[in-house]
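Chemist: make a model of this:
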Amino acid sequence: MQDQLKKRLLDAASDPYRDSGAFNYRWARGKLAGDPIFAALIDEAVFPDNARVLDLGCGRGLLAAWLLAAERLAARGLWSASTVPPKGLRFRGVELMAREADCGNRALQPLHGDRVQLQGGDMRAAEMGDVDAVAILDVLHYIPHVEQERLLDRIRAALGGGGVFVTRVGDAGSGWRFAFSQFVDRCISFAQGHRIAPTWCRPLADWVSVLESRGFSVQTRAMSAGTPFANVMVVARVGK
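Modeler: Next up is the predicted model:
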């Protein structure tokens, strides 16, 4: 994604958070600017047009903010990248910190109406409903392995042919890079006012095996953008 386009998209995606307070705006802008997964989700054409997306651990709704802002830019003829962003997406989100979900609703619903519906709740108990895509970015490791697998079973059962599950995980088999990633993760949680929770991580090969055993076709891509982190984007698809 070209720098000029990324700057335009960053402005469009983060500006709705201005009225939510300085911290929420700076958090949204900093996260969207510095995290490579947002651009990758468009570059890799992860989400199909008109998908009903369930974002588990949605936070302030930054995934919806980014992709819907990209759609608006493309509709106005301001999109210059070769990969066109998906259009017609609808987002439901579940976030354990209800105040973050409320922040996202206040920021995004005036622009996008009921295409964005975020609520407080535990992702383990989330209603799957009618869904074409499920995203769990950076939070799946916060629940025990048995509960991870139960949730993945529910996701697989909810996704029909052509459905997609996307997650980002830390590769626990990557040595010091993983340890550093865990340290930074805890610092970020503390900065947001979250408690420091235990984690249940896996080596990347184990994540892939868990998904493939449920019938997903899995692709992985390193998602650290030259940093010392051990983050990997995992895209798991259901055949049509």
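Chemist: for the rest of this, base every contact and every neighbour count on C-alpha atoms.
Modeler: Will do.
Chemist: separation between the residue in the chain sticking out farthest from the centre and Pro36?
Modeler: When each C-alpha in the chain is compared with the mean C-alpha position (C-alpha atoms, centre = their mean), Gly77 comes out farthest, at 25.8 Å. From Gly77 across to Pro36, the span is 24 Å (C-alpha to C-alpha, to the nearest Å).
Chemist: let's see the lowest-mean-pLDDT helix or strand in the chain as PDB, backbone CA atoms only.
Modeler: Across the helices and strands of the chain, the lowest-confidence element by mean pLDDT, DSSP states H and E is helix 176-191, at a mean of 72. What follows is helix 176-191, C-alpha atoms only, in PDB (Å, rounded to 0.1, in the frame of the first residue of the first chain):
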ATOM      1  CA  TRP A 176      13.500 -14.900  22.500                       C
ATOM      2  CA  ARG A 177      11.300 -13.200  19.900                       C
ATOM      3  CA  PHE A 178       8.200 -14.800  21.400                       C
ATOM      4  CA  ALA A 179       9.400 -13.800  25.000                       C
ATOM      5  CA  PHE A 180       9.800 -10.200  23.900                       C
ATOM      6  CA  SER A 181       6.400 -10.200  22.200                       C
ATOM      7  CA  GLN A 182       4.800 -11.400  25.400                       C
ATOM      8  CA  PHE A 183       6.500  -8.700  27.400                       C
ATOM      9  CA  VAL A 184       5.300  -6.000  25.000                       C
ATOM     10  CA  ASP A 185       1.800  -7.500  25.100                       C
ATOM     11  CA  ARG A 186       1.600  -7.200  28.800                       C
ATOM     12  CA  CYS A 187       2.900  -3.600  28.700                       C
ATOM     13  CA  ILE A 188       0.100  -2.700  26.200                       C
ATOM     14  CA  SER A 189      -2.500  -4.400  28.400                       C
ATOM     15  CA  PHE A 190      -1.400  -2.500  31.400                       C
ATOM     16  CA  ALA A 191      -1.400   0.800  29.500                       C
END
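Chemist: need the next SSE after it, C-terminal direction.
Modeler: Next helix or strand after helix 176-191 toward the C-terminus (DSSP states H and E): helix 204-212.
Chemist: so which strand or helix has the residue farthest from the centre of the chain?
Modeler: Under the assignment given by DSSP H and E, Gly77 is not contained in any helix or strand.
Chemist: how near is the residue nearest to the spatial centre of the chain to Phe180?
Modeler: Compute the mean C-alpha point of the chain, and by C-alpha atoms, centre = their mean the closest residue is Leu137, 4.0 Å away. Using C-alpha to C-alpha, one obtains 18 Å as the distance from Leu137 to Phe180.
Chemist: returning to that earlier point: which of the residues in the least confident helix or strand of the chain are buried?
Modeler: With burial defined by 16 or more other C-alpha atoms under 10 Å, the residues of helix 176-191 counted as buried are 177-179, 181-182.
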